[in-house]
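1. Fold the following.
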Amino acid sequence: MEGLVVNGLFGGVYRGRRVLVTGHTGFKGSWLVLWLQQLGAHVSGLALPAQGAPNHSRLLRLPLDEALIDLRDAGLVRSALRRFEPEFVFHLAAQPLVRRSYREPAATFDTNVMGLVHLLDAVRATPSVRVVVNATTDKCYRNPEHGQAFREGDALGGHDPYSASKACAEIVSASYRDAFLAHDDGRGHAVALATARAGNVVGGGDWGEDRLIPDLVRAAAVAAVTPIRHPAAVRPWQHVLEPLAGYLCLGQQLLADPAGAAEAWNFGPPPQAHRQVREVVDAFAAAWPAVRYAADTDAHPHEAHSLHLDCRKAQERLRWRAVWDLPTTLRRSALWYRRQHEQHTLSSHDDLQQYVADARAGGLAWAAG
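-> You can find the predicted model right below:
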């Protein structure tokens, strides 16, 4: 695997670099740590301890220097950055759940907004940092449910506290970039800060609460039926490795062109992967027959009916695009969970290897070794 994954990916920019991943114990963060270590980066992590069992981070058992702290503690965040002295920061730590945000609005805003403020203040005090990629969400857009794909210049907003907190995080990022980071500000160099807005991600290793695929997996493991909320809702579905490839492309570009790339970017699948929840469930169940479901007719808090992303900017300027189509994404995701449940084997390394091989075969610039 190492010869395939490491050789020349992303121009070799991450080899030997000090990279901090916040939220490294979470779903997306653990996959990013795996990939960065294969790229030869010296990875550190900042997050709360891994939650729940099973947990992808614990299953991977990747060795790294970590600070298991809360972003809401500004002093501990600053101390961690001083200790790690990162050159790149990928900020993935968050309260990421819409339904939890209804139950815990204050904690959601505190983590997703003030936690970001604490991180960016720590970045200002850490001269080593050159690049920051702040992963927000496609839900940061004000959504009038018009069915059109959102572009990066569209209005921000959010009905639920999670979405609103991420819109706030976009504004905070722009403020810190303009007021402090885009010029020297006493560090000896500028810091290139960009935000990355990704669509719905699926893939092995996600056991988050109130999320579609984890709910299906938990029910299948005990031969239960999964109640499905909003089966007609439309989302831009993609494998977790797709936006992570986008983040890594963006980090590479930010280092090469700090002024030109320091802005907002969408990372989502092509239009044919913008599908209804029921279609995704049917495809997942076809790959794992133990999955059973039924429509949930109970009342639930508001969630957007449709979300669509326009990702032409990333395709044209970063030369990034999705590698796996939706059937491949769902098939590989179902196989990951099925192997983990039935054979207690971990397919993450195999999935990463195949993804890179397919990207290389597809002629993606970042995968050219």
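2. Can you pull out the low-pLDDT segments for the stretch 1-150 of the chain?
-> 1-7 (pLDDT under 70).
3. Which parts of it are helices?
-> Using DSSP state H, counting those that start in this stretch, the helices found in the stretch 1-150 of the chain span residues 2-6, 27-38, 56-60, 74-84, 98-103, 105-109, 115-124.
4. so which of the ones you listed gets nearest A174?
-> Nearest of these to A174, taken as C-beta to C-beta: helix 115-124 at 11.2 Å. C-betas here are computed from N, CA, C, even on glycine.
5. Could you report the separation of the closest residue to G362 other than its chain neighbours from R339?
-> Once flanking residues are discounted, G362 sits nearest to V323: 6.1 Å by C-beta to C-beta, 6 or more residues apart in numbering. From V323 across to R339, the span is 21 Å (C-beta to C-beta, to the nearest Å).
6. Neighbour count: these two, which is higher?
-> Taking other C-beta atoms under 10 Å, V323 and R339 do not tie; V323 has more neighbours (23 against 15).
7. surely that one meets D358?
-> Yes - contact criterion C-beta atoms under 8 Å: V323 and D358 qualify, at 5.2 Å.
8. Pull the number of nearby residues for the nearest residue to Y337 once chain neighbours are set aside.
-> Nearest non-adjacent residue to Y337, counting by C-beta to C-beta, 6+ apart: V217, 4.8 Å away. By the criterion of other C-beta under 10 Å, V217 has 26 neighbours.
9. Distance check, V217 against G12.
-> 36 Å.
10. State the pLDDT value of the residue lying farthest from the centre of the chain.
-> The centre of the chain is farthest from one residue, G186, which by C-alpha atoms, centre = their mean lies 31.1 Å away. On pLDDT, G186 comes in at 81.
11. That one: what secondary structure?
-> Assigned with DSSP: H, G, I helix; E, B strand; the rest coil, G186 falls in the coil class.
12. residues in contact with it?
-> Neighbouring residues of G186 by C-beta atoms under 8 Å, 6 or more residues apart in numbering: there are none.
13. now it: how far from L64?
-> 30 Å.
14. Could you do R275 as well?
-> Distance from R275 to L64, by C-beta to C-beta: 36 Å.
15. Same question for V277.
-> Taking C-beta to C-beta, one finds V277 at 35 Å from L64.
16. Neighbour count: those two, which is higher?
-> Remark: of V277 and L64, V277 carries more neighbours, 20 against 16, as counted by other C-beta under 10 Å.
17. Go ahead and confirm the more buried one touches L212.
-> Yes - contact criterion C-beta under 8 Å: V277 and L212 qualify, at 6.4 Å.
18. joint contacts of those two?
-> Taking C-beta under 8 Å, 6+ apart as the contact rule, V277 and L212 both touch I228.
19. what about the strands in the stretch 151-300 of the chain?
-> 192-198, 200-202, 225-228, 234-239, 264-267, 274-276, 292-295 (DSSP state E, counting those that start in this stretch).
20. helices or strands next to the fifth one in the packing?
-> Looking back up the chat, that one is strand 264-267. Contact here means 3 or more C-beta pairs under 8 Å, 6 or more residues apart in numbering; DSSP states H and E; on that basis strand 264-267 packs against strand 192-198, helix 241-256.
21. What residues sit buried inside the longest one?
-> Buried residues in helix 241-256, counted by 16 or more other C-beta atoms under 10 Å: 241-255.
22. And the shortest one, by the same measure?
-> Under the neighbour-count criterion of 16+ other C-beta under 10 Å, strand 192-198 has 192-198 buried.
23. show me what contacts the nearest residue to G188 once chain neighbours are set aside?
-> In this structure, G188 finds its nearest non-sequential neighbour in P127, 5.9 Å apart by C-beta to C-beta, 6+ apart. Residues in contact with P127 (C-beta under 8 Å, 6+ apart) are 187-189.
24. Adding distance to A94 and neighbour count, write those residues out as JSON lines.
-> As requested, those are exported to JSON lines (distance: C-beta to C-beta, whole Å; neighbours: other C-beta atoms under 10 Å):
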{"residue": "R187", "distance to A94": "26", "neighbour count": "18"}
{"residue": "G188", "distance to A94": "30", "neighbour count": "7"}
{"residue": "H189", "distance to A94": "27", "neighbour count": "13"}
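25. Looking at the residues you listed, which is nearest R151?
-> Set against R151, the nearest of the contacts of P127 by C-beta to C-beta is H189 (30.8 Å).
26. P63: neighbour count?
-> Close neighbours of P63, defined as other C-beta under 10 Å, add up to 7.
27. hang on, the earlier thing: closest one of the buried residues of strand 192-198 to L39?
-> Among these, A196 lies closest to L39 (C-beta to C-beta), at 17.7 Å.
28. got the contact list for the residue nearest to L309 when sequence neighbours are not counted?
-> The shortest distance from L309 to any non-neighbouring residue, by C-beta to C-beta, 6+ apart, is to G268 (3.5 Å). Listed by C-beta under 8 Å, 6+ apart, the contact partners of G268 are 138, 198-199, 236, 238, 243, 309, 311, 322.
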